[in-house]
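Undergrad: just coords:
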């Protein structure tokens, strides 16, 4: 009943909210008292409209439209987060259900914090503080929701990519996008995060499996950094340098031309208009694979629109918020298929790695492996020989 009560209140004023405005006030952490004359409608009529009309008519699809998760998932989220320490636990009339729904609403829209506060009859300070707590608890309690595929999960991803795009041995695809933020205050050099005269951003680098689920994400580095530089600073990038066998077990990652080609991270052939049929076929399959991570990042920012305008000046809090959204997106995929976005503008296009001053055409192992895979595409070998080839390149 508490869930339905909160939903009814939220939906009633959905189209009245003031959007895209920045919050400025720092009110004390307490619920807002409502004046008797604040609303000009009858209280009984209000309750009748909310509880007897809106809630009963709310479909499964409508619920997920507003909160991105199913009602069952939200209830499970509340159950698992209830034991956590909440600063608002002693606040009368404010429950963990309120905290979860308010935070999901805040992350899912670009509605101003003051408007979100008005929906919940509280103040901006509580909404902002509650969001930080929510992100902290979600990342701490659902850490395994975003994890690198191993063993059966890795085999399933390789099989999925092979059957869906026809590219053997790929366990993950990697991509990135830029997340706008405010000028950070918790880093030694805030100006490193400046990407224009007036804006700052971080690079969200994400790895996905064949289903579009995030298997690793990081959002701590400046948005102006090149992908190749960001990769080197990530745990996956360091593992690729120090212990790729343990990370990949003979498999490989697929990335675009902004990443350095290696035996463990395959990229497209540079296309200057002279590629042969097999290399073109290989590039098409790589592009099909990259659509998986591009599609996930695209849908992520559409489902959790707060990522388009994070009102945070802390890189630590930004990273938690981004990871929370990615965690919730993986939960969303439990009941929905990943979207395949056929045509997307790459607004964050970067120079190919091999064209950078310190770039190169790839490692010898990467060049050789890419050539061999391209040469194998389109063949119709006997089952035994094909199986033998698979074992030689991608044996676990």
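TA: That came in fine, so what should we check first? All values derive from a computational prediction rather than experimental measurement. Numbering: from 1, shown residues only.
Undergrad: Just checking, which helix or strand succeeds the longest strand that the chain contains along the chain?
TA: Under DSSP state E, the strand in the chain containing the largest number of residues is strand 170-181. From strand 170-181 onward toward the C-terminus, using DSSP states H and E, the following helix or strand is strand 200-208.
Undergrad: what packs against the helix or strand that comes right after that next one?
TA: Where DSSP H and E defines the elements, the next helix or strand beyond strand 200-208 is strand 214-222. In terms of contacts (3 or more C-beta pairs under 8 Å, 6 or more residues apart in numbering; DSSP states H and E), strand 214-222 is packed against strand 170-181, strand 200-208, helix 227-232, helix 235-242, helix 315-333. Using the backbone N, CA and C atoms, a C-beta is placed for each residue, glycine as well.
Undergrad: Of all these, which one comes closest to residue 301?
TA: In terms of C-beta to C-beta, the element of the helices and strands packed on strand 214-222 nearest to residue 301 is strand 170-181, at 7.1 Å.
Undergrad: what's the closest one packed up against?
TA: Where contact means 3+ C-beta pairs under 8 Å, 6+ apart, strand 170-181 is packed against helix 152-165, strand 200-208, strand 214-222, helix 227-232, strand 252-254, helix 277-303, helix 315-333.
Undergrad: what about stretch 365-373, distance to the chain center?
TA: Offset of stretch 365-373 from its chain centre (C-alpha atoms, centre = their mean, to the nearest Å): 31 Å.
Undergrad: Mind listing what's buried along it?
TA: Counting neighbours by 16 or more other C-beta atoms under 10 Å, one finds that the buried residues in stretch 365-373 are 366, 369, 370, 373.
Undergrad: residues in contact with that stretch?
TA: By C-beta atoms under 8 Å, 6 or more residues apart in numbering, the surrounding residues in contact with stretch 365-373 are 167-169, 252, 261-267, 269, 282, 361-362, 393.
Undergrad: Among these, which pair sits farthest apart?
TA: Using C-beta to C-beta, those span at most 22.6 Å, a distance reached by 168 and 361.
Undergrad: What distance do you get for the closest residue to residue 210 other than its chain neighbours to residue 145?
TA: Closest residue to residue 210 apart from its sequence neighbours, by C-beta to C-beta, 6 or more residues apart in numbering: residue 160 at 2.9 Å. Distance, residue 160 to residue 145, using C-beta to C-beta, to the nearest Å: 19 Å.
Undergrad: Can you report how many residues lie near residue 328?
TA: Residue 328 has 25 neighbours, counted by other C-beta atoms under 10 Å.
Undergrad: avg pLDDT for the strand or helix carrying residue 372?
TA: Secondary structure from DSSP H and E places residue 372 in helix 364-376. Mean pLDDT, helix 364-376: 95.
Undergrad: by how many degrees do it and strand 170-181 diverge?
TA: If you take axes from the mean of the first three to the mean of the last three C-alpha atoms, to 10 degrees, helix 364-376 sits at 110 degrees to strand 170-181.
Undergrad: relative to helix 277-303, how tilted is helix 364-376?
TA: Using the same axes, to 10 degrees, helix 364-376 lies at 100 degrees relative to helix 277-303.
Undergrad: Can we start the residue count at 317 from this point?
TA: Understood, numbering begins at 317; the last thing we discussed is helix 680-692.
Undergrad: rewinding a little: are any of the contacts of stretch 681-689 buried, and which?
TA: By neighbour count, with 16+ other C-beta under 10 Å, those hold 483-485, 568, 577-583, 585, 598, 678, 709 as buried.
Undergrad: So which of those sit within strands?
TA: Those of these lying in strands (DSSP E): 568, 581, 582.
Undergrad: Any chance of CSV for those, columns pLDDT?
TA: As requested, these are exported to CSV (pLDDT from 0 to 100):
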residue, pLDDT
568, 97
581, 98
582, 97
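Undergrad: Going by distance to residue 666, which of those wins?
TA: Of all those, residue 666 sits closest to residue 581, with 15.6 Å by C-beta to C-beta.
Undergrad: does that closest one really touch residue 567, like I thought?
TA: No. Counting by C-beta atoms under 8 Å, residue 581 stays clear of residue 567, with 10.9 Å between them.
Undergrad: re earlier: as JSON lines, the buried residues of stretch 681-689 with distance to residue 589 would be great.
TA: Formatted as JSON lines, these follow (distance: C-beta to C-beta, whole Å):
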{"residue": "682", "distance to residue 589": "23"}
{"residue": "685", "distance to residue 589": "24"}
{"residue": "686", "distance to residue 589": "19"}
{"residue": "689", "distance to residue 589": "22"}
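Undergrad: what residue lies at the spatial centre of this protein?
TA: Closest to where the C-alpha atoms of the chain average out (C-alpha atoms, centre = their mean) is residue 642, at 3.4 Å.
Undergrad: Which helix or strand contains the residue lying closest to residue 387 once chain neighbours are set aside?
TA: Distance criterion C-beta to C-beta, 6+ apart; nearest residue to residue 387, sequence neighbours excluded, is residue 379 at 5.3 Å. Assessed by DSSP H and E, residue 379 sits inside helix 376-383.
Undergrad: one step back: take the helices and strands packed on strand 486-497 and write them to TSV, including distance to residue 445.
TA: Output for these, formatted as TSV (distance: least, C-beta to C-beta, whole Å):
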stretch	distance to residue 445
helix 468-481	36
strand 516-524	22
strand 530-538	21
helix 543-548	30
strand 568-570	38
helix 593-619	23
helix 631-649	11
